[in-house]
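Trainee: everything below, folded, please.
(one chain, ligands or ions: 1)
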Amino acid sequence: MIKFELDGVSLEFANAFRRVVLSEVPVMAIDEVIFLENDSPLFDEMIAHRLGLIPLTTDLKTYNLPHECTCGGVGCTLCQVELTCSVKADLDGHIVRSGDLQSTDPAVKPVNDDIIIAKLQKNSSMVFEAFARLGEGRDHAKWQPGQIGFGYTPDVKIDSTKCAKCPDQCIAARRCPEELIEFSGNKAKLIKDYWHTCSLCEECLRNCPQEAIAVGSKPNSYIFTIESSGAITIKEIITRAMVVFQEKIDEFLGHLENKELFPL
Ligand SMILES: [Zn+2]
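Mentor: Numbers count the residues shown, from 1 in each chain. The predicted model follows:
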């Protein structure tokens with residue numbers, strides 16, 4: 001997970017960046033499954049759904065989105081990867097896990113080998129072929145590269161000269177749910193990098209009898225949190241989102257140049 005401050009941008013830009021990350025940064029996910037045997041108590045559709053949600057390591061340099069591939073989306077080695085699974089249970093309660101998937105490309109495999117797919121009884125089998133393809137989160141959440149969220153950058157100020165009237169204790173410091181205020185030497189002050197966890201709950205503001213605390217947010221500044229599913233790195237998520245963003249702006253400008261503009 002990464003947390004950073006994005007400064008000097010509008011709220012609209014920050015939200016557009018968030019939406020591009022969620023909906024247009026492609027990753028690999030299983031999109032088609034052919035079951036040859038399924039003796040588990042789960043329907044084929046349920047297993048296929050579970051398989052789709054298993055994050056797969058993704059090589060964005062090698063693979064194309066199916067609709068952009070030279071094969072026209074039919075399926076070739078440049079736009080899909082085959083994963084197979086063949087398990088026969090020796091004992092009751094045998095668990096089929098993501099680690100049982102065998103990929104034809106070592107660069108595209110489950111991020112974690114311990115994701116549970118199904119449980120089998122003794123002598124039961126599960127055999128299937130699955131095809132993973134690049135896709136985008138706007139079509140299905142299984143193609144989202146991770147999670148992203150943002151909030152206002154906290155700007156909390158404490159006038160410690162007013163702390164003299166509370167010499168023994170600081171109620172505001174005690175009530176802060178994140179413990180972001182230190183009280184020592186009869187003075188309250190914010191801990192270093194308090195903005196990492198400050199949620200702007202204003203609990204300190206409400207509990208300072210001297211009204212020494214001002215809670216606000218920095219204009220045009222936002223705290224982003226990005227967590228990758230493990231399919232691609234956080235750096236790849238950010239750089240790819242910026243490339244997509246730039247392409248959108250170029251496309252928009254291209255359309256503008258082709259139109260006659262009328263004054264309002
Ligand atoms: Zn192809």
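
Trainee: immediately after the lengthiest strand in the chain, which helix or strand?
Mentor: Looking across the chain with DSSP state E, the single longest strand is strand 213-228. Remark: after strand 213-228, the chain's next helix or strand is helix 234-257, criterion DSSP states H and E.

Trainee: now that next one: mean pLDDT?
Mentor: Helix 234-257 comes out with an average pLDDT of 91.

Trainee: elements contacting that helix?
Mentor: helix 11-24, strand 146-158, strand 213-228 (3 or more Cβ pairs under 8 Å, 6 or more residues apart in numbering; DSSP states H and E). The way it works is simple: take the backbone N, C-alpha and C, and place the C-beta from them, glycine included.

Trainee: for Cys208, which non-adjacent residue is closest in space?
Mentor: Ala172 (4.2 Å; Cβ to Cβ, 6 or more residues apart in numbering).

Trainee: residues touching the one you found, list them.
Mentor: 181, 188, 203-205, 207-208, 212-213 (Cβ atoms under 8 Å, 6 or more residues apart in numbering).

Trainee: now the buried members of those.
Mentor: Buried subset of these (neighbour count, 16 or more other Cβ atoms under 10 Å): 181, 188, 203-205, 208, 212-213.

Trainee: now the two most distant members of these.
Mentor: Glu203 and Ala212 (14.4 Å; Cβ to Cβ).

Trainee: not counting sequence-adjacent ones, nearest residue to the residue lying farthest from the centre of the chain?
Mentor: Residue farthest from the centre of the chain, counting by Cα atoms, centre = their mean, is Lys165 at 46.2 Å. Once flanking residues are discounted, Lys165 sits nearest to Gln210: 5.3 Å by Cβ to Cβ, 6+ apart.

Trainee: run a quick neighbour tally on the one you found.
Mentor: Using other Cβ atoms under 10 Å, Gln210 has 16 other residues around it.

Trainee: can you check Ile47 too?
Mentor: Ile47 has 21 nearby residues by other Cβ under 10 Å.

Trainee: got the contact list for the residue nearest to Pro66 when sequence neighbours are not counted?
Mentor: Excluding its sequence neighbours, the residue lying closest to Pro66 (Cβ to Cβ, 6+ apart) is Gly73, at 4.1 Å. With contact set as Cβ under 8 Å, 6+ apart, Gly73 has these partners: 66-67, 79.

Trainee: closest one to Val9 out of those residues, please.
Mentor: His67 (31.0 Å).

Trainee: can you classify the closest residue to that closest one other than its chain neighbours by secondary structure?
Mentor: Nearest residue to His67, sequence neighbours excluded (Cβ to Cβ, 6+ apart): Gly73, at 5.2 Å. When classified by DSSP: H, G, I helix; E, B strand; the rest coil, Gly73 comes out as coil.

Trainee: how close does Gly73 sit to Gln80?
Mentor: Distance of Gly73 to Gln80, given as Cβ to Cβ, to the nearest Å: 10 Å.

Trainee: shared neighbours of the two, anything?
Mentor: Going by Cβ under 8 Å, 6+ apart, residues that sit against Gly73 and also against Gln80 are Pro66.

Trainee: pLDDT at the residue in the stretch 101-250 of the chain positioned nearest to the ion, what is it?
Mentor: Nearest to the ion in the stretch 101-250 of the chain, going by Cβ to the ion, is Arg133, at a distance of 8.9 Å. For Arg133, the model assigns a pLDDT of 96.

Trainee: and the end-to-end length of stretch 181-190?
Mentor: For stretch 181-190, the first and last residues are 5 Å from each other (Cα to Cα, to the nearest Å).

Trainee: can you give the distance of it from its chain's centre?
Mentor: Chain-centre distance of stretch 181-190: 36 Å, with Cα atoms, centre = their mean, to the nearest Å.

Trainee: repeat for stretch 217-229
Mentor: Worked out by Cα atoms, centre = their mean, stretch 217-229 lies 13 Å from the chain centre.
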